[in-house]
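>>> for reference, the sequence and a predicted model appear below.
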Amino acid sequence: MKRTGVLISATAALLFGFATMAQAADKVSANDFAEEASAKGIAEIETGKLALEKGSSAEVKKFAQAMIDDHTRANEELKALAKKKNLEVSDDAELMNKAKAMILQVRDGENFDKAYANNQVVAHEQTIKLFQQAAASDDAEVSAWAKKTLPKLEHHLEMAKKLQSQTHH
(Lines give C-alpha, C1' and ligand atoms only; values in the text may rest on other atoms or scores of the structure.)
Protein backbone atom coordinates (compact mmCIF):
# COMPACT_ATOMS: atom_id res chain seq x y z
CA MET A 1 0.00 0.00 0.00
CA LYS A 2 2.95 2.30 0.66
CA ARG A 3 4.00 1.98 -3.00
CA THR A 4 0.58 3.17 -4.17
CA GLY A 5 0.77 6.25 -1.92
CA VAL A 6 4.17 7.22 -3.33
CA LEU A 7 2.94 6.76 -6.90
CA ILE A 8 -0.18 8.84 -6.22
CA SER A 9 1.93 11.64 -4.67
CA ALA A 10 4.39 11.59 -7.58
CA THR A 11 1.58 11.61 -10.12
CA ALA A 12 -0.21 14.50 -8.38
CA ALA A 13 3.00 16.54 -8.53
CA LEU A 14 3.48 15.71 -12.22
CA LEU A 15 -0.14 16.48 -13.09
CA PHE A 16 0.02 19.83 -11.31
CA GLY A 17 3.25 20.75 -13.08
CA PHE A 18 2.00 19.80 -16.54
CA ALA A 19 -1.40 21.41 -15.99
CA THR A 20 0.12 24.77 -15.10
CA MET A 21 2.43 24.66 -18.14
CA ALA A 22 -0.40 23.70 -20.50
CA GLN A 23 -2.62 26.59 -19.40
CA ALA A 24 -0.10 29.17 -20.56
CA ALA A 25 -1.57 29.55 -24.06
CA ASP A 26 -4.90 29.38 -25.87
CA LYS A 27 -3.12 28.06 -28.95
CA VAL A 28 -0.59 25.30 -29.36
CA SER A 29 2.07 25.10 -32.07
CA ALA A 30 1.56 22.45 -34.75
CA ASN A 31 4.69 20.60 -33.65
CA ASP A 32 3.82 20.65 -29.93
CA PHE A 33 0.31 19.49 -30.78
CA ALA A 34 1.52 16.58 -32.91
CA GLU A 35 3.92 15.45 -30.21
CA GLU A 36 1.50 15.81 -27.28
CA ALA A 37 -1.56 14.43 -29.10
CA SER A 38 0.35 11.37 -30.29
CA ALA A 39 1.69 10.76 -26.75
CA LYS A 40 -1.83 10.99 -25.34
CA GLY A 41 -3.05 8.58 -28.02
CA ILE A 42 -0.32 6.08 -27.14
CA ALA A 43 -1.22 6.41 -23.46
CA GLU A 44 -4.88 5.68 -24.31
CA ILE A 45 -3.86 2.56 -26.21
CA GLU A 46 -1.57 1.33 -23.44
CA THR A 47 -4.03 1.96 -20.60
CA GLY A 48 -6.73 0.35 -22.76
CA LYS A 49 -4.61 -2.79 -23.11
CA LEU A 50 -4.10 -2.78 -19.36
CA ALA A 51 -7.86 -2.45 -18.84
CA LEU A 52 -8.50 -5.47 -21.10
CA GLU A 53 -6.10 -7.44 -18.90
CA LYS A 54 -7.02 -6.15 -15.42
CA GLY A 55 -10.57 -4.85 -15.76
CA SER A 56 -13.33 -6.88 -14.14
CA SER A 57 -16.48 -5.52 -15.81
CA ALA A 58 -17.66 -6.06 -19.37
CA GLU A 59 -18.35 -2.30 -19.67
CA VAL A 60 -14.72 -1.46 -18.87
CA LYS A 61 -13.40 -3.99 -21.38
CA LYS A 62 -15.78 -2.80 -24.11
CA PHE A 63 -14.80 0.84 -23.49
CA ALA A 64 -11.09 -0.10 -23.42
CA GLN A 65 -11.33 -1.87 -26.78
CA ALA A 66 -13.08 1.16 -28.31
CA MET A 67 -10.27 3.40 -26.99
CA ILE A 68 -7.61 1.10 -28.46
CA ASP A 69 -9.36 1.00 -31.85
CA ASP A 70 -10.20 4.72 -32.08
CA HIS A 71 -6.89 6.04 -30.77
CA THR A 72 -4.88 3.66 -32.97
CA ARG A 73 -6.78 4.99 -36.00
CA ALA A 74 -6.38 8.62 -34.88
CA ASN A 75 -2.66 8.18 -34.25
CA GLU A 76 -2.20 6.69 -37.73
CA GLU A 77 -3.96 9.73 -39.25
CA LEU A 78 -1.88 12.09 -37.10
CA LYS A 79 1.37 10.32 -38.11
CA ALA A 80 0.49 10.73 -41.79
CA LEU A 81 -0.29 14.44 -41.30
CA ALA A 82 2.89 14.94 -39.25
CA LYS A 83 5.03 13.20 -41.87
CA LYS A 84 3.56 15.37 -44.61
CA LYS A 85 4.22 18.55 -42.59
CA ASN A 86 7.57 17.39 -41.12
CA LEU A 87 6.27 17.47 -37.53
CA GLU A 88 7.46 15.23 -34.73
CA VAL A 89 5.22 12.64 -33.10
CA SER A 90 5.86 10.74 -29.90
CA ASP A 91 6.78 7.10 -30.05
CA ASP A 92 6.24 6.61 -26.33
CA ALA A 93 3.63 7.81 -23.83
CA GLU A 94 4.56 11.04 -22.09
CA LEU A 95 5.75 10.94 -18.50
CA MET A 96 2.46 12.15 -16.99
CA ASN A 97 0.49 9.42 -18.72
CA LYS A 98 3.10 6.81 -17.78
CA ALA A 99 2.65 7.80 -14.15
CA LYS A 100 -1.13 7.45 -14.42
CA ALA A 101 -0.69 4.04 -16.03
CA MET A 102 1.59 2.98 -13.15
CA ILE A 103 -1.16 3.77 -10.66
CA LEU A 104 -3.57 1.67 -12.67
CA GLN A 105 -1.08 -1.23 -12.70
CA VAL A 106 -1.11 -1.56 -8.92
CA ARG A 107 -4.89 -2.00 -8.80
CA ASP A 108 -7.04 -4.99 -9.68
CA GLY A 109 -10.70 -5.87 -10.18
CA GLU A 110 -13.39 -3.36 -9.27
CA ASN A 111 -10.79 -1.02 -7.78
CA PHE A 112 -9.03 -1.02 -11.17
CA ASP A 113 -12.30 -0.39 -13.03
CA LYS A 114 -13.04 2.66 -10.88
CA ALA A 115 -9.48 4.04 -11.25
CA TYR A 116 -9.53 3.45 -15.02
CA ALA A 117 -12.90 5.20 -15.43
CA ASN A 118 -11.72 8.19 -13.38
CA ASN A 119 -8.49 8.34 -15.39
CA GLN A 120 -10.43 8.28 -18.66
CA VAL A 121 -12.63 11.23 -17.71
CA VAL A 122 -9.61 13.37 -16.76
CA ALA A 123 -7.53 12.22 -19.74
CA HIS A 124 -10.29 13.02 -22.23
CA GLU A 125 -10.97 16.44 -20.65
CA GLN A 126 -7.26 17.27 -21.04
CA THR A 127 -7.13 15.92 -24.59
CA ILE A 128 -10.22 17.91 -25.63
CA LYS A 129 -8.57 21.09 -24.31
CA LEU A 130 -5.43 20.31 -26.34
CA PHE A 131 -7.48 19.70 -29.50
CA GLN A 132 -9.44 22.94 -28.94
CA GLN A 133 -6.12 24.80 -28.78
CA ALA A 134 -4.99 23.04 -31.97
CA ALA A 135 -8.28 23.94 -33.67
CA ALA A 136 -7.23 27.59 -33.22
CA SER A 137 -3.83 26.86 -34.79
CA ASP A 138 -2.43 29.04 -37.56
CA ASP A 139 -1.67 25.80 -39.44
CA ALA A 140 -4.83 25.20 -41.49
CA GLU A 141 -4.31 21.43 -41.91
CA VAL A 142 -3.58 20.84 -38.21
CA SER A 143 -6.57 23.01 -37.29
CA ALA A 144 -8.85 21.11 -39.69
CA TRP A 145 -7.73 17.70 -38.38
CA ALA A 146 -8.19 18.80 -34.76
CA LYS A 147 -11.70 20.12 -35.54
CA LYS A 148 -12.57 16.88 -37.37
CA THR A 149 -11.35 14.76 -34.43
CA LEU A 150 -12.93 16.78 -31.59
CA PRO A 151 -16.47 15.32 -31.86
CA LYS A 152 -15.06 11.77 -31.45
CA LEU A 153 -13.10 12.86 -28.36
CA GLU A 154 -16.19 14.57 -26.93
CA HIS A 155 -18.09 11.31 -27.47
CA HIS A 156 -15.28 9.43 -25.68
CA LEU A 157 -15.67 11.83 -22.73
CA GLU A 158 -19.42 11.13 -22.59
CA MET A 159 -18.68 7.39 -22.69
CA ALA A 160 -16.03 7.77 -19.96
CA LYS A 161 -18.45 9.68 -17.71
CA LYS A 162 -21.06 6.94 -18.20
CA LEU A 163 -18.44 4.31 -17.38
CA GLN A 164 -17.44 6.31 -14.31
CA SER A 165 -21.04 6.30 -13.04
CA GLN A 166 -21.28 2.53 -13.68
CA THR A 167 -18.08 1.77 -11.73
CA HIS A 168 -19.00 3.94 -8.71
CA HIS A 169 -21.81 1.88 -7.24
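Perfect, thanks for sending it.

>>> for whichever strand or helix holds residue 63, name the packing helices and strands.
Following DSSP states H and E, the helix or strand that holds residue 63 is helix 58-85. With contacts taken as 3 or more C-beta pairs under 8 Å, 6 or more residues apart in numbering; DSSP states H and E, helix 58-85 sits against helix 30-54, helix 109-135, helix 140-167. To be clear about C-beta, it is placed using only N, CA and C from the backbone, and glycine gets the same treatment.

>>> angle of it against helix 30-54?
Interaxial angle, helix 58-85 versus helix 30-54 (axes from the mean of the first three to the mean of the last three C-alpha atoms, to 10 degrees): 150 degrees.

>>> so which of the helices and strands packed on helix 58-85 is the most packed in?
Each of the helices and strands packed on helix 58-85 was given a mean neighbour count from mean count of other C-beta atoms under 10 Å, and the largest, a mean of 21, is that of helix 30-54.

>>> now for the closest residue to residue 54 other than its chain neighbours: which residues touch it?
Of all residues not flanking residue 54 in the chain, residue 112 sits nearest, at 4.7 Å (C-beta to C-beta, 6 or more residues apart in numbering). By C-beta atoms under 8 Å, 6 or more residues apart in numbering, the contact set of residue 112 is 51, 54, 55, 56, 60, 104.

>>> please report the distance of residue 112 from residue 74.
25 Å (C-beta to C-beta, to the nearest Å).

>>> before we move on, what about residue 165?
25 Å.

>>> residue 29 now?
Distance from residue 29 to residue 74, by C-beta to C-beta: 19 Å.

>>> now residue 42
Here the criterion is C-beta to C-beta. By it, residue 42 lies 11 Å from residue 74.

>>> and if you look at residue 124?
For residue 124 relative to residue 74 (C-beta to C-beta), the value is 12 Å.

>>> again, but for residue 47
Distance, residue 47 to residue 74, by C-beta to C-beta: 15 Å.

>>> what's the answer for residue 34, then?
12 Å.

>>> and residue 89, what is it in contact with?
34, 35, 38, 75, 78, 79, 82.

>>> so which strand or helix has it?
Going by DSSP H and E, residue 89 is not in any helix or strand.

>>> relative to residue 108, how far out is the nearest residue to it once chain neighbours are set aside?
In space, and not counting its chain neighbours, residue 89 is closest to residue 38: 3.8 Å by C-beta to C-beta, 6+ apart. From residue 38 across to residue 108, the span is 29 Å (C-beta to C-beta).
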